[in-house]
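> Predicted model, plus sequence, below.
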Amino acid sequence: MVDIYRFDIDTAPYADLARVHDLCFTESWDEDTFEAMLTVYGTFGIALKIDQALQGFVLYRQPFDDTEILTICVHPNAEKKGNGSLLVQHMLQHLKKPGKCFLEVSPKNIDAVKLYEKFKFTTMNTRKDYYEKGLDAYVMMREI
Ligand SMILES: CC(C)(COP(=O)(O)OP(=O)(O)OC[C@H]1O[C@@H](n2cnc3c(N)ncnc32)[C@H](O)[C@@H]1OP(=O)(O)O)[C@@H](O)C(=O)NCCC(=O)NCCS
């Protein structure tokens with residue numbers, strides 16, 4: 001059974017967030033990092049569980065009208081099945097309108113860029129050496 005729900009600082013599944021994030025990124029965030037991020041005003045997440053196990057989540061911040069996507073990830077075993085799309089779709093439904101939604105992504109992260117383009121995000125500019133020397137970031141945006 002698929003369960004998608006919004007969480008905040010009080011309801012976040014911290015251990016699961018840290019575990020799935022660790023499987024998806026080389027730089028992992030621990031439970032304290034997630035808690036610190038969720039203490040910032042306007043920060044929420046969308047969790048996707050399948051049969052009660054966390055398979056992915058998106059963390060975003062909308063303090064006023066504009067939104068920043070802080071991170072999104074899907075468990076490697078659950079990728080390319082539409083789960084990332086479900087997360088973005090649900091997040092967009094929860095955002096207050098009107099405003100703009102921004103994110104940063106490596107141009108080398110083809111799967112992520114494709115996912116954002118599918119949801120009408122466009123590249124506004126490139127931040128040179130953003131992640132490290134030789135690794136730029138696209139700044140992508142869409143109206144909400
Ligand atoms: C980027 C990421 C979140 C995408 O998640 P995902 O669950 O694979 O996303 P989706 O399945 O919705 O879409 C990806 C592709 O999978 C394929 N796909 C989607 N549903 C499918 C299905 N039912 N059957 C077969 N293939 C499918 C499609 O090719 C799709 O691309 P398309 O929408 O352009 O056709 C995931 O790859 C990830 O966690 N990456 C590591 C962390 C990361 O880099 N995060 C982004 C940081 S900016």
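That came in fine, so what should we check first? Residues are numbered from 1 along each chain as shown.

> Show me what from the protein comes close to the ligand.
24-25, 72-74, 79-85, 105, 109, 111-112, 114-115, 118 (C-beta under 6 Å from any ligand atom). Where C-beta positions appear, they are placed from N, C-alpha and C, glycine not excepted.

> Could you pull up the contacting residues of the closest residue to the ligand within the chain?
Taking C-beta to the nearest ligand atom, the ligand has its nearest neighbour within the chain at Gly84, 2.4 Å off. Residues in contact with Gly84 (C-beta atoms under 8 Å, 6 or more residues apart in numbering) are 56, 72, 74, 111, 115.

> how about the strands of the chain, start to end?
In the chain, the strands defined using DSSP state E lie at 2-7, 43-50, 53-61, 67-74, 100-105, 122-132, 135-143.

> Need the pLDDT of the residue of the chain closest to the ligand.
pLDDT for Gly84: 98.

> re the thing from before, which two of the contacts of Gly84 lie the greatest distance from each other?
Maximum pairwise distance among the contacts of Gly84 (C-beta to C-beta): 12.7 Å, between Gly56 and Asp111.

> out of those two, which sits in the busier spot?
Shown here are Gly56 and Asp111; by other C-beta atoms under 10 Å, Gly56 has more neighbours (22 against 11).

> show me the contacts for the more buried one.
Gly56 neighbours (C-beta under 8 Å, 6+ apart): 20, 47-48, 72-75, 78, 83-84, 87.

> Could you export the strands of the chain as JSON lines, including mean pLDDT?
Listed next are the strands of the chain as JSON lines, based on pLDDT from 0 to 100:
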{"stretch": "strand 2-7", "mean pLDDT": "97"}
{"stretch": "strand 43-50", "mean pLDDT": "98"}
{"stretch": "strand 53-61", "mean pLDDT": "98"}
{"stretch": "strand 67-74", "mean pLDDT": "98"}
{"stretch": "strand 100-105", "mean pLDDT": "98"}
{"stretch": "strand 122-132", "mean pLDDT": "96"}
{"stretch": "strand 135-143", "mean pLDDT": "97"}
